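> Got a predicted model here, sequence first, then my questions.
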Amino acid sequence: MRNIIMAAVAAILVAGPAMARDQIQIVGSSTVYPFATIVAEKFGQQGSKTPVIESTGTGGGMKLFCAGIGVGHPDITNASRAIKSKEAKKCAENGITPIEFAVGNDGVAFAQNGASAAMDLGIEHIAAALAAELPNQAFGGESAKANGLDTWAEVDAYVAKATGTKELGLPNRPISVMVPPPTSGTRDAMGSLFMKAGWKKLGLKGKGYKSLREDGKAIEMGENDNLIIEKLVADGDMFGIFGYSFFDTNRDKVQASKLNGVELTFENISSYEYPGARPLFFYVKKEHVGVIPGIKEFINEFVSDKALSMDGYLFPAGLVPLSEADRAKVDAARDSL
């Protein structure tokens, strides 16, 4: 049966000379993009055609990846979160079998200008600062009202009252946070690791954490993390949310806040003690393996010890290696192709 399916896919892919493709096409996460680019360059140096990689964001990549089979559709999508059930369903509807490969770990940074005064806080402070509405249930009522908190000092007071704890002494700085776009896996990670978890720490009910305020306090950015760094350097009051690897390469310009008292470090991401720790992935279209040249060889390069281990070439780029158990799962996925 597999041979019949592969033959059918091959017929679709090479129906005519104009449709033939001998170069791997990759889309997806801007966080995984720099790692995939390094692997692609190494792969190309070995005599193969260097894959074409486009940074579309995780959500945008999944949409393109699950849209269909054939040369007009990408072979691989990078992701800074796991595939969602609705995305897996879309893939299945179009006859696509996505094979998951975890490549490492990452930590979502809450960062600011390196010259600004350090501001350490909890994820509940981020949730209270960015949610579109703040329910009064934290103060004995049930109704919600538009978030009117203007400064971090006001956030501090709100959180202290909601949780029955002492204020942290956050400064009277205006709230101004650059957030990832809805198509970004980092936005999804922020939603679950900061907003949802912070909402729970505040003792709030409902799903008010899902909507961000639209009054200029939460500033939606694109997939270009370089622009976020530029704005942080220019404005000492702003914060930005992005991945650890990008933070790591810009330590001379920006600093990351401790969250829940935990510093953003390699060790704390690896142990998942840091509240913003998350895994990174890429997904391969099984139906294209053996049809588009080089896919299996590219996978072998990406998941090899020389790429992913502590001594691998992706470690200096900021990729936090997987545990031995997770590496075993990756090896099993590779061997299934």
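It's in.
> Test my guess that residue 278 contacts residue 106.
Yes: counting by Cβ atoms under 8 Å, residue 278 does reach residue 106; the two are 5.6 Å apart. All C-beta spots, glycine's among them, are computed from the backbone N, C-alpha and C.
> Counting neighbours around each, name which of these two comes out higher.
residue 106 (29 against 25; other Cβ atoms under 10 Å).
> What is the lengthiest strand in the chain packed up against?
Longest strand in the chain, counting residues (DSSP state E): strand 98-113. Packing contacts for strand 98-113, counted by 3 or more Cβ pairs under 8 Å, 6 or more residues apart in numbering; DSSP states H and E, involve helix 225-234, strand 239-243, helix 244-248, strand 254-256, helix 266-270, strand 277-285, helix 295-302, helix 324-335.
> and with 7 Å instead?
On a contact count with 3 or more Cβ pairs under 7 Å, 6 or more residues apart in numbering; DSSP states H and E, strand 98-113 meets helix 225-234, strand 239-243, helix 244-248, strand 254-256, helix 266-270, strand 277-285, helix 324-335.
> so where's the stretch 51-200 of the chain uncertain?
The stretch 51-200 of the chain contains residues with pLDDT under 70 at 136-143.
> counting contacts, what elements does the helix or strand residue 155 falls within pack onto?
Assessed by DSSP states H and E, residue 155 sits inside helix 152-163. Counting by 3+ Cβ pairs under 7 Å, 6+ apart, the packing neighbours recorded for helix 152-163 are helix 123-130.
> tell me how far the helix it packs on is from the chain's mean position?
Computed by Cα atoms, centre = their mean, to the nearest Å, the chain-centroid distance of helix 123-130 equals 19 Å.
> List the strands paired with the following helix or strand past it, with their directions.
Where DSSP H and E defines the elements, the next helix or strand beyond helix 123-130 is strand 133-135. Sheet pairing of strand 133-135 (DSSP bridges) gives strand 144-146 (antiparallel).
> Just the buried residues of the partner strand, please?
Neighbour counts over strand 144-146 (16 or more other Cβ atoms under 10 Å) mark residue 144 as buried.
> hmm, who's touching that strand?
133-136, 208 (Cβ atoms under 7 Å, 6 or more residues apart in numbering).
> okay if I get those as JSON lines plus distance to residue 314 and neighbour count?
What follows is those, written out as JSON lines (distance: Cβ to Cβ, whole Å; neighbours: other Cβ atoms under 10 Å):
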{"residue": "133", "distance to residue 314": "41", "neighbour count": "16"}
{"residue": "134", "distance to residue 314": "41", "neighbour count": "23"}
{"residue": "135", "distance to residue 314": "43", "neighbour count": "20"}
{"residue": "136", "distance to residue 314": "48", "neighbour count": "13"}
{"residue": "208", "distance to residue 314": "38", "neighbour count": "19"}
